[in-house]
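Visitor: Have a look at this fold, sequence not included:
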Ligand SMILES: Cc1cn([C@H]2C[C@H](O)[C@@H](COP(=O)(O)OP(=O)(O)OP(=O)(O)O)O2)c(=O)[nH]c1=O
């Protein structure tokens with residue numbers, strides 16, 4: 001199990017940290033994005049069950065999975081192990097899916113599945129849903145929200161899709177593309193939060209931290 005502690009960013013380093021964030025994720029994208037908040041971060045990937053019953057809406061799926069990820073890490077951890085020098089310790093759980101006509105797409109099972117997903121997404125718009133849960137260790141105070149961002153993908157041939165899937169990039173990503181990587185070439189435009197598509201809506205997280213008494217930036 002990974003455990004990294006990222007130091008506060010230079011803009012905040014003169015002040016004592018207001019909270020330690022525990023990122024309940026194995027996603028390197030989320031590790032990169034959470035650093036933008038400028039708070040110390042501990043990384044604890046969650047082993048939460050990510051299966052959901054048929055019929056759940058995309059918003060319910062991402063919110064519920066973000067709750068499960070945050071709870072799994074909060075319950076497994078020895079609180080003293082997570083306690084930094086900051087007065088608060090807050091677990092951050094997050095989940096991202098792509099929704100096309102209200103139907104959820106997670107990560108592709110294999111290359112054929114990735115090609116099938118991209119064949120459906122090309123030439124039209126879809127929504128990316130990202131759910132976030134903040135859970136304070138000790139008090140159990142929790143808040144869950146989600147962001148929806150619209151992504152328009154350009155028209156792609158089967159050959160272009162095949163070449164992109166061959167790069168391997170789609171395999172660990174919802175909807176089989178990474179907007180921050182080679183997938184940038186597939187995206188015509190977005191309406192919403194780029195960071196949410198990448199896996200963590202950092203401005204929403206900053207807003208969600210306010211009820212915990214944490215003022216950012
Ligand atoms: C649409 C899209 C998704 N993604 C990623 C974000 C998420 O990491 C992933 C969706 O899977 P998730 O199940 O949300 O997350 P994860 O398994 O990668 O990490 P963890 O559960 O440990 O937190 O897809 C991109 O990186 N770029 C994109 O453009």
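Guide: Everything's here; your move. None of these values were measured; they are calculated from a predicted model.
Visitor: Could you pick out the longest helix of this structure?
Guide: The helix that spans the most residues within the chain, counting by DSSP state H, is helix 58-76.
Visitor: quick one: furthest residue from the center of the chain?
Guide: residue 159 (29.7 Å; Cα atoms, centre = their mean).
Visitor: Could you see whether the ligand lies near the host helix or strand of that one?
Guide: Here residue 159 sits within helix 158-166, counting by DSSP states H and E. No. Judged by Cβ under 6 Å from any ligand atom, helix 158-166 makes no contact with the ligand; its nearest approach is 12.4 Å. Every residue, glycine included, has its C-beta placed from N, CA and C.
Visitor: next helix or strand past that helix?
Guide: Counting by DSSP H and E, what follows helix 158-166 is strand 187-191.
Visitor: And for that following strand, what's in contact with it?
Guide: 149, 150, 151, 152, 153, 154, 177, 179, 197 (Cβ atoms under 8 Å, 6 or more residues apart in numbering).
Visitor: Just the ones of these in strands?
Guide: 149, 150, 151, 152, 153 (DSSP state E).
Visitor: Buried ones from those residues, can you make that a ChimeraX selection?
Guide: The buried residues among those can be selected in ChimeraX (16 or more other Cβ atoms under 10 Å) with this line:
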select :149,151,153
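Visitor: Looking at the ones in strands among the contacts of strand 187-191, spot the one nearest residue 80.
Guide: residue 149 (38.1 Å; Cβ to Cβ).
Visitor: so that closest one sits right up against residue 198, yeah?
Guide: No. Using Cβ atoms under 8 Å as the test, residue 149 is too far from residue 198 to be in contact (9.9 Å).
Visitor: related to what we said a few turns ago, distance of the residue farthest from the centre of the chain from residue 178?
Guide: Residue 159 is 20 Å from residue 178, where distance means Cβ to Cβ, to the nearest Å.
Visitor: for the ligand, what are the nearby residues on the chain?
Guide: Counting by Cβ under 6 Å from any ligand atom, the chain sits next to the ligand at 25-27, 29-30, 45, 69, 94-96, 98, 107, 128, 172-175, 177-180, 183, 197-199.
Visitor: what about residue 189, how many residues close to it?
Guide: 10 (other Cβ atoms under 10 Å).
Visitor: Tell me what it is bridged to.
Guide: Note on residue 189: beta-bridge partners by DSSP bridges are residue 152.
Visitor: check contacts around residue 102.
Guide: 57, 58.
Visitor: And for the one 3 residues further on?
Guide: For residue 105, the contact set (Cβ under 8 Å, 6+ apart) comprises 97, 98, 99, 117, 174, 175, 176.
Visitor: The closest residue in space to it that isn't next to it in sequence: helix or strand, and which one exactly?
Guide: Counting by Cβ to Cβ, 6 or more residues apart in numbering, residue 105 lies nearest to residue 98, which is 4.4 Å off, once chain neighbours are set aside. Here residue 98, judged by DSSP H and E, is contained in strand 88-100.
Visitor: need the next SSE after that strand, C-terminal direction.
Guide: strand 103-105.
Visitor: now that next one: how far from the chain's centre is it?
Guide: 16 Å (Cα atoms, centre = their mean, to the nearest Å).
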